[in-house]
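J.: no FASTA, just this:
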């Protein structure tokens, strides 16, 4: 179609004064509807009223009557008409008439519309659209007497996909045996890593010996040289998996797949130069110790490693100057005593609030495998303290006490938890329950604290757990269930458990 018209500031204008850009937009809509598609806005307009009423025809009319009515309306409503000609009151919009005609002029779509309305038409057109966009082969399917267009994947494409996916090169294990085989002998590091995740996720107890072997030597059994860089990642994942599913080392606890090397291997890994491997190893020791109920079965090396880490942290706290924030520097710029008492009091309140918010905002645990800067003196103190408490190393209580006021919130609360486990005094748990009050700590920290109260079976903290407003009920229920597990479930033998059951019922 030739461009006839004059130039304006935004493109050609046709004889009716309508910009050609708008006209081309209308044409695109027409082409889209002619292909059998109805856009969402057209669906809403057309679906709001009867399509036969839109074209001003009866339901029993012929196809010729529909076309004649459509042409008559388009002579008035078409965008090429001069402004004013389509302004007749009571007429539907151009798009509404076009969509109504698209449906009713198609015998198949008209029958569907008569049977199920505009929603049935939209469903059929949606099927056509998906089939066209994905280049599927179309074939008719007889459905309630109507031939509806449906999509069937082309046979060559199906064969191609089938040939690309085989059990030999698929990383997803199909069984426990395959997961163990992939973790220990597959040449690709990525497949080994995924198998270790799978073992950890599904708590595969049979894999404990394999995990210990990987922790000791991740490059064994034919790992490709190109994947040697994954060595530490495989060790971290193995340590994490051991923490989730390794059997307690105490020989008095029945366990079919216990490996006596586990605690020693984790203790060696806890002395690694890699901070995140140390983190995962100490975390695993703490988790296994919770299932072990004491130090039985753990090697002397475990005690020595934890003691060394605690001493290193205490030495760092004593020798290094306390970390000063920018807020402390700002306070030094003011001589508060020389200021007006009211102004000085307001400034002190501002500085106190800033220090509180800064303490809350500190992240307390680090996520391995992320590019997080770690200082030379950093240790996973949170998990070190939890391991000491779970292992009941009472000899280390003096060192643990020095962390009760640590600047990192979760390290401080881990010290309180450990002291309660070592001394069984409620005074050490009070700061943890107080921290569950609304806005007292970051909600991430509160989740950890709720879990910690469950780990130590502190039933008197059930009220604080249930009333914590910033943590989801699912976390609370899991913690309360853990309290019951630690205390034996029987409220007749342990009356404090009755309120735990009460709060679980209320949360459910």
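T.: The structure has been received and is ready for your questions. Please read all numbers here as calculations on a predicted model, not as lab measurements. Residues are numbered from 1 along each chain as shown.
J.: check contacts around residue 285.
T.: By Cβ atoms under 8 Å, 6 or more residues apart in numbering, the residues touching residue 285 are 243, 263, 266-267, 270, 298, 302, 306, 383, 387, 391. Quick note: C-beta positions are derived from backbone N, CA and C, even for glycine.
J.: A helix includes it, no?
T.: Yes - when classified by DSSP: H, G, I helix; E, B strand; the rest coil, residue 285 is found to be part of a helix.
J.: show me where the stretch 301-450 of the chain has helices.
T.: Using DSSP state H, counting those that start in this stretch, the helices found in the stretch 301-450 of the chain span residues 326-332, 341-361, 381-391, 397-401, 409-423, 430-434, 443-455.
J.: List the contacts of the fifth one.
T.: What that stands for is helix 409-423. Applying Cβ under 8 Å, 6+ apart, the contact partners of helix 409-423 are 359-360, 362, 364-365, 381-383, 385-386, 388-390, 392-394, 397, 400-401, 403-406, 425-426, 428-429, 431-432, 435, 441-442, 445, 448-449, 452, 455-456, 458.
J.: what about residue 481, neighbour count?
T.: A count of nearby residues for residue 481, using other Cβ atoms under 10 Å, gives 14.
J.: can you check residue 386 too?
T.: The burial count for residue 386: 27, using other Cβ under 10 Å.
J.: With adjacent residues omitted, what lies nearest to it?
T.: Spatial nearest neighbour of residue 386, excluding adjacent residues (Cβ to Cβ, 6 or more residues apart in numbering): residue 286 at 4.3 Å.
J.: Tell me where the stretch 101-250 of the chain has strands.
T.: Applying DSSP state E, counting those that start in this stretch to the stretch 101-250 of the chain gives strands spanning 137-143, 146-152.
J.: just flag whichever of those strands has the lowest average confidence.
T.: Within the strands of the stretch 101-250 of the chain, confidence is poorest for strand 146-152, with a mean of 39 (mean pLDDT).
J.: low pLDDT regions in the protein?
T.: 1-49, 81-90, 129-171, 224-229, 320-334, 355-377 (pLDDT under 70).
J.: how about the biggest helix by length in it: buried residues?
T.: If you go by DSSP state H, the chain has its longest helix at helix 107-133. Neighbour-count burial for helix 107-133, with 16 or more other Cβ atoms under 10 Å as criterion, is recorded at 109-110, 112-113, 118, 120-122, 124-125, 127-128, 131.
J.: Make TSV from these and add distance to residue 237 to it.
T.: Formatted as TSV, those follow (distance: Cβ to Cβ, whole Å):
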residue	distance to residue 237
109	56
110	61
112	55
113	58
118	54
120	52
121	53
122	48
124	50
125	49
127	45
128	48
131	43
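J.: Residue 467: which of those residues is nearest?
T.: residue 122 (48.9 Å; Cβ to Cβ).
J.: burial count for residue 315?
T.: Neighbours around residue 315, by other Cβ under 10 Å: 11.
J.: quick one: it from residue 422, how far?
T.: Distance of residue 315 to residue 422, given as Cβ to Cβ, to the nearest Å: 21 Å.
J.: Do a quick rundown of the helices in the stretch 51-200 of the chain.
T.: Under DSSP H, counting those that start in this stretch, the stretch 51-200 of the chain gives helices at 51-54, 63-77, 94-104, 107-133, 155-164, 176-185, 189-201.
J.: What is the neighbour count of the residue nearest to residue 282 when sequence neighbours are not counted?
T.: Excluding its sequence neighbours, the residue lying closest to residue 282 (Cβ to Cβ, 6+ apart) is residue 383, at 4.4 Å. Neighbourhood size, residue 383 [other Cβ under 10 Å]: 27.
J.: In contact with residue 383, which residues?
T.: Residues in contact with residue 383 (Cβ under 8 Å, 6+ apart) are 279, 282-283, 285-286, 414.
J.: at 6 Å instead, please
T.: For residue 383, the contacting residues are 282-283, 286, by Cβ atoms under 6 Å, 6 or more residues apart in numbering.
J.: closest to residue 254 among those?
T.: Minimum distance to residue 254 across these is 22.1 Å, recorded for residue 286 (Cβ to Cβ).
J.: doesn't residue 387 make contact with the residue nearest to residue 386?
T.: Yes - between residue 286 and residue 387 a contact is recorded at 3.9 Å, counting by Cβ atoms under 6 Å.
J.: most tightly surrounded among the helices of the stretch 51-200 of the chain?
T.: Neighbour counts (mean count of other Cβ atoms under 10 Å) averaged over each of the helices of the stretch 51-200 of the chain peak at helix 94-104, with a mean of 23.
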